[in-house]
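In: Sequence first, then the predicted structure, then my questions.
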Amino acid sequence: MATSLSSPAMFNWKKLGRIFVPQDIPGRDWLKNFAQAPCALVLDTVVRVYFSCRPLPDAQGNYVSYTGYVDFDRHDLSTIVAVSANPILPLGELGTFDEFGIYPVSVLRSGSDVLAYYGGWTRCESIPFTVSIGLAISHDNGATFQRQGKGPLITSNVNDPFVVSGPKIRRFDDHWYLWYVAGTKWHVHDGRVEAVYKIRLATSEDGYRWHRSGENQIADKLEVDECQASPDVFKFRDRYHMFFCYKYGLDFRNSERGYRIGYAVSDDLVNWTRDDSKAGIDVSSQGWDSESVSYPHVFEVDGKIYMLYLGNEFGKHGFGLAQLTNGADQ
Amino acid sequence: MRWKKLGKVFDPSEHRLLGGTSGYAQSPQALVFDDFVRVYFSTREKDQTGKFLSNVAFADFDKAFTKVLNTSTRSVISRGGLGCFDEHGIFPFNVLRHGGKVLGYTTGWNRRISVSTDAAIGHAVSEDEGLTFNKIGLGPVLSASLHQPCLVGDAYVRVFGGLFHMWYIFGARWMTEPDGVTPARVYKIAHATSKNGVDWVPEDQCIIRDVLDTDECQALPSVIERNGTYHMFFCYRNATGFRHDPKRAYRIGYAQSGDLTNWTRNDADLHVFRSSGEWDSDMQCYPHVFEMDADIYLLYNGNEFGRFGFGLAVLEN
């Protein structure tokens, strides 16, 4: 028992299966495929999980992304109580940064408000898209949100010249932290233009004015062009734990080179030690998450620790849930 | 103020300009030397899709502007690579001397799908008296923000009282031409400050009052100080129909300030500028005010946004 307050040698996640399938939800034109980047907000009786989804593509085959939510019974996370009738935000106006997509969303309570930091997508000519981070605020417990401006809160700068995406907002000891994903390169391969992106950190004292160092936070494991996403930081037993996902830079739309879930630990939120062998979650031998696992989000409710994550095809067929079995209640 | 127009002083069709096979010499901006004056401008070439790319070049003039001594023979500053904010052109290009170097502020253009383009402001430094510039990074130093949602550009930077001041423009919104289809942008002049010329704090308000309507587009501010008063020259136009209707096209505006914060617009004080039957009869745009040997000059473009070159005026009083 002397070791019970230290970090586990390895996390043990028990997979509870896929808990949300977008194709099962009727009557919503904006929700046909995909349920990406799940993010939880614990409410009195439900756990509200935001996810990003897509209507059917347009005549040219182009998609847009919306973000909605699903409420699960707080005491039985496999039971859906409600699904939002509409997206939490409309797409942006002509020519603005979030005209073609709002994905992903990361939420944080701030007093009686809920803040949403989100990736806004627009389409470009020489590259398929670019992304900047926007801010919206909810005054009704996260049911609806209002943009804080038509423009982005965080966008490209000298050190982050390309996409600035995948925000994960956290507050520790009254300091604000935003882990995000910064594009470091575009390259052309087999006629496709593909991005390389890395996990970076912004800090703030008020949630509005952010300072960015422009430094990669997590060491590469696969290759220089390794792509990293979903930097989900979670404080547990007095240390900071980051679950994230990573893949090869090219030819990643298959099982061998697709997303896996990685892990790093830190005592100061700045210096991270990567050790994917501790992540404790990998692809299944068969089923909805047999080819890839990605976009982890860890949250705690009623003394239990859970991970939401995506399976095959980047969440096209929904997201699943796992429970930590060597967790806080042991 | 009374201006004497000296006519067109540079015609791009008379020179072989690197990256300038399609003409244009837009947004002339001066860097004064002891015995000549260097004027930077943006010229154009077409890419394989037939769309324009803007490239920075310069021409050196004698101080009487009677002849062109040289034009740039090397790339002054390169466009950005794939996916960079300045991949599809740099226009305009603003320069100032500071700390023994020449600082450059670019407006980088990158093409979009639903609208034609977006833009942001980059920074570069020359250590060879402005012959060539090196960017400080691949990304911009000032770009869109919560309340300035798109099209950040047209930087004009000067140091007053030890503080870097930037006047620039931002896109307030995109609307559509009367055809209901073609996107048309609305942009306004704003102000930012910096302690080091790299890290900028933009102010969120428009600083120049509209005179046409709320969709007025304001561009290319340039500022000069004389006897404690700051004078701003800029251009403005209607948001739509401005390419072919001289009544809606760019013309030059003016404002003055005693404190660099509050500006009083009074275009009538210019007492310029309209010509008839000349290279600048239908449009006057992209003014750049500068001082040389105690005289005040205004460089500017004429018809078709500078396709045929730029001209000069000198202040008589």
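Out: Perfect, thanks for sending it.

In: Show me where the stretch 51-200 of chain A dips below the pLDDT cut-off.
Out: Along the stretch 51-200 of chain A, the model assigns pLDDT under 70 to no residue.

In: Return the residues of it in contact with chain B.
Out: The stretch 51-200 of chain A has residues A:93-97, A:99-100, A:122-127, A:130, A:132, A:135, A:148-153, A:155-162, A:183, A:186-188, A:193, A:195 near chain B, with proximity defined as Cβ under 8 Å from any Cβ of the partner chain. No exception for glycine: its C-beta is placed from N, CA and C like everyone else's.

In: If any of those residues are buried, put those into a PyMOL selection.
Out: Here is the PyMOL selection string for the buried members of those, based on 16 or more other Cβ atoms under 10 Å in any protein chain shown:
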select buried, chain A and resi 93+95+96+97+99+100+122+123+124+126+127+130+132+135+148+149+150+151+152+153+155+156+157+158+159+160+161+162+183+186+195
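
In: just checking, which of the residues of the stretch 51-200 of chain A next to chain B belong to strands?
Out: A:122-123, A:130, A:132, A:135, A:183, A:186-188, A:193, A:195 (DSSP state E).

In: quick check, distance from the lengthiest strand in chain B to the centre of its chain.
Out: Longest strand in chain B, counting residues (DSSP E): strand B:163-176. Distance of strand B:163-176 from its chain centroid, counting by Cα atoms, centre = their mean, to the nearest Å, is 12 Å.

In: how about it: buried residues?
Out: So for strand B:163-176, counting by 16+ other Cβ under 10 Å, buried means B:164-175.

In: ditto for stretch A:18-38
Out: By 16+ other Cβ under 10 Å, the buried positions in stretch A:18-38 come out as A:18-20, A:22, A:25, A:28, A:30-31, A:33-38.

In: Next: stretch B:253-267.
Out: Within stretch B:253-267, the residues scored as buried using 16+ other Cβ under 10 Å are B:253-257, B:260, B:263, B:265, B:267.

In: Quick check: the two most widely separated of those residues?
Out: For the buried residues of stretch B:253-267, the maximum inter-member distance is 19.9 Å, found between B:Leu260 and B:Asp267 (Cβ to Cβ).

In: B:Phe160 and chain A, how far apart?
Out: 24 Å (Cβ to the nearest Cβ, to the nearest Å).

In: Now do that residue, the pLDDT please.
Out: We note a pLDDT of 96 for B:Phe160 in this prediction.

In: what residues are up against it?
Out: Contact partners of B:Phe160, counting by Cβ atoms under 8 Å, 6 or more residues apart in numbering or on different chains, are B:225, B:230, B:260.

In: What distance do you get for it to B:Thr193?
Out: B:Phe160 is 10 Å from B:Thr193, where distance means Cβ to Cβ, to the nearest Å.

In: ditto for B:Arg44
Out: When B:Arg44 is compared with B:Thr193 (using Cβ to Cβ), they lie 32 Å apart.

In: and those two? which has more neighbours close in?
Out: For B:Arg44 and B:Thr193, the more surrounded residue by other Cβ atoms under 10 Å in any protein chain shown is B:Arg44, and the numbers stand at 23 against 14.

In: Return the residues in contact with that one.
Out: Shown in contact with B:Arg44 (Cβ under 8 Å, 6+ apart): B:19-24, B:26, B:52-55, B:89.

In: Using the three-state scheme, assign it.
Out: Using DSSP: H, G, I helix; E, B strand; the rest coil, the three-state assignment for B:Arg44 comes out as strand.

In: what bridges to it?
Out: Beta-bridge partners of B:Arg44, counted by DSSP bridges, are B:Ser54.

In: pLDDT score for it?
Out: Predicted confidence (pLDDT) for B:Arg44: 96.

In: ok, now A:Leu5?
Out: pLDDT, A:Leu5: 50.

In: now the one 10 residues further on
Out: In the prediction, the pLDDT value recorded for A:Lys15 is 98.

In: That one and A:Ala322 touch, don't they?
Out: Yes. Between A:Lys15 and A:Ala322 there is a contact under Cβ atoms under 8 Å: 4.9 Å.

In: Just name the closest of the buried residues of strand B:163-176 to B:Arg237, please.
Out: Set against B:Arg237, the nearest of the buried residues of strand B:163-176 by Cβ to Cβ is B:Ile169 (12.3 Å).

In: List the contacts of that closest one.
Out: Here B:Ile169 is in contact with B:151-154, B:187-190, B:218-221 (Cβ under 8 Å, 6+ apart).

In: circling back to that earlier point, most widely separated two among the ones in strands among the residues of the stretch 51-200 of chain A next to chain B?
Out: Within those, two members stand farthest from each other by Cβ to Cβ: A:Leu135 and A:Val188, at 33.0 Å.

In: Only the buried residues of stretch A:41-52, if you could.
Out: Of the residues in stretch A:41-52, those buried by neighbour count under the rule 16+ other Cβ under 10 Å are A:41, A:46-52.

In: If we look just around chain A, which residues of the stretch 1-150 of chain B are in range?
Out: Along the stretch 1-150 of chain B, the residues adjacent to chain A under the rule Cβ under 8 Å from any Cβ are B:80, B:82-85, B:87-88, B:110-115, B:118, B:120, B:123, B:136-141, B:143-150.

In: Give me the buried entries from these.
Out: In terms of neighbour count (16+ other Cβ under 10 Å), the buried residues within the residues of the stretch 1-150 of chain B next to chain A are B:80, B:83-85, B:87-88, B:110-112, B:115, B:118, B:120, B:123, B:136-141, B:143-150.

In: Which parts of the stretch 1-150 of chain A are strands?
Out: Listed in chain order, the strands of the stretch 1-150 of chain A (DSSP state E, counting those that start in this stretch) span residues A:13-20, A:33-42, A:46-54, A:66-73, A:76-83, A:101-110, A:113-123, A:129-138, A:146-147.

In: Would you mind measuring from the closest residue in space to A:Ala40 that isn't next to it in sequence to A:Leu324?
Out: Counting by Cβ to Cβ, 6 or more residues apart in numbering or on different chains, A:Ala40 lies nearest to A:Phe299, which is 4.2 Å off, once chain neighbours are set aside. Computed with Cβ to Cβ, the distance linking A:Phe299 and A:Leu324 is 11 Å.

In: Tell me where the chain has helices.
Out: I'll assume chain A. In order along the chain, chain A carries the following helices (DSSP state H): A:312-315.

In: if you could check chain B rather than the one you did, that'd help
Out: Listed in chain order, the helices of chain B (DSSP H) span residues B:303-306.

In: Tell me where the model's unsure across it.
Out: In chain B, residues with pLDDT under 70: B:271-274.

In: count of neighbours near B:Ser194?
Out: What B:Ser194 shows, counting by other Cβ under 10 Å, is a neighbour count of 19.

In: What spatial separation is found between the nearest residue to it once chain neighbours are set aside and B:Phe233?
Out: Once its chain neighbours are removed from consideration, B:Ser194 has its nearest residue in B:Phe164; the separation is 4.1 Å (Cβ to Cβ, 6+ apart). Between B:Phe164 and B:Phe233 the distance is 20 Å, computed by Cβ to Cβ.

In: so what's residue 135 up against?
Out: Looking at chain A here, since you left the chain open. A:115-118, A:147-149, A:153, A:207-208, B:146.

In: You answered for a different chain; I wanted chain B.
Out: For B:Lys135, the set of contacting residues under the criterion of Cβ under 8 Å, 6+ apart consists of B:77-78, B:106, B:122-124.

In: In these, find the pair that's most separated.
Out: Largest separation among the contacts of B:Lys135 by Cβ to Cβ: B:Ser78 and B:His123, giving 14.2 Å.
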